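Trainee: have a look at this prediction, sequence included:
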Amino acid sequence: MPPEIETGLDLEEVLARWRGHSPEGSDLRISEDAGHYLCDFIYFSSLSLLWKAQKHRRVTFLHVPSDASEESVARGTELTLQLIRSIVVAADDRIAVELRV
């Protein structure tokens, strides 16, 4: 097992698409730290399982604020849907380019 396993997603591209699909002023950014304890364990476990199976590591981790107000949950739901959309479109575009080569 390598000392570090990274996602196979182009996170800069995903972030650019995500920002383009999300409400202005949304605090969207890439972090190199999934946190410690459970968050980091889930992210690393997901990546390592795919690495061991020699599959594409199209994995990311999303931190959300702890605010459980109705407005915050609705905003978080929309941002999460837009993140998923951005990941799928970015991955589809990357696969299409790889198939042309």
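Mentor: Structure received. Numbering: from 1, shown residues only.
Trainee: now the lengthiest helix in the chain: buried residues?
Mentor: Longest helix in the chain by number of residues (criterion: DSSP state H): helix 70-100. Residues 75, 79, 82, 83, 86, 87, 90, 91, 94 are the ones in helix 70-100 that count as buried (16 or more other CB atoms under 10 Å). The way it works is simple: take the backbone N, C-alpha and C, and place the C-beta from them, glycine included.
Trainee: as JSON lines, the residues you listed with pLDDT would be great.
Mentor: Shown next, in JSON lines, are the buried residues of helix 70-100 (pLDDT from 0 to 100):
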{"residue": "75", "pLDDT": "93"}
{"residue": "79", "pLDDT": "95"}
{"residue": "82", "pLDDT": "96"}
{"residue": "83", "pLDDT": "96"}
{"residue": "86", "pLDDT": "95"}
{"residue": "87", "pLDDT": "94"}
{"residue": "90", "pLDDT": "91"}
{"residue": "91", "pLDDT": "83"}
{"residue": "94", "pLDDT": "73"}
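Trainee: return the distance of stretch 5-19 from the chain's centre.
Mentor: Put simply, stretch 5-19 sits 7 Å off its chain's centre (CA atoms, centre = their mean, to the nearest Å).
Trainee: start and end of it, how far apart?
Mentor: The first residue of stretch 5-19 is 26 Å away from its last residue (CA to CA, to the nearest Å).
Trainee: swap in stretch 30-46?
Mentor: 18 Å.
Trainee: who's in contact with that stretch?
Mentor: Contact with stretch 30-46 is made by 5, 11, 12, 15, 59, 61, 63, as judged by CB atoms under 8 Å, 6 or more residues apart in numbering.
Trainee: got phi/psi on residue 54?
Mentor: phi 60, psi 40 (degrees, to the nearest 10).
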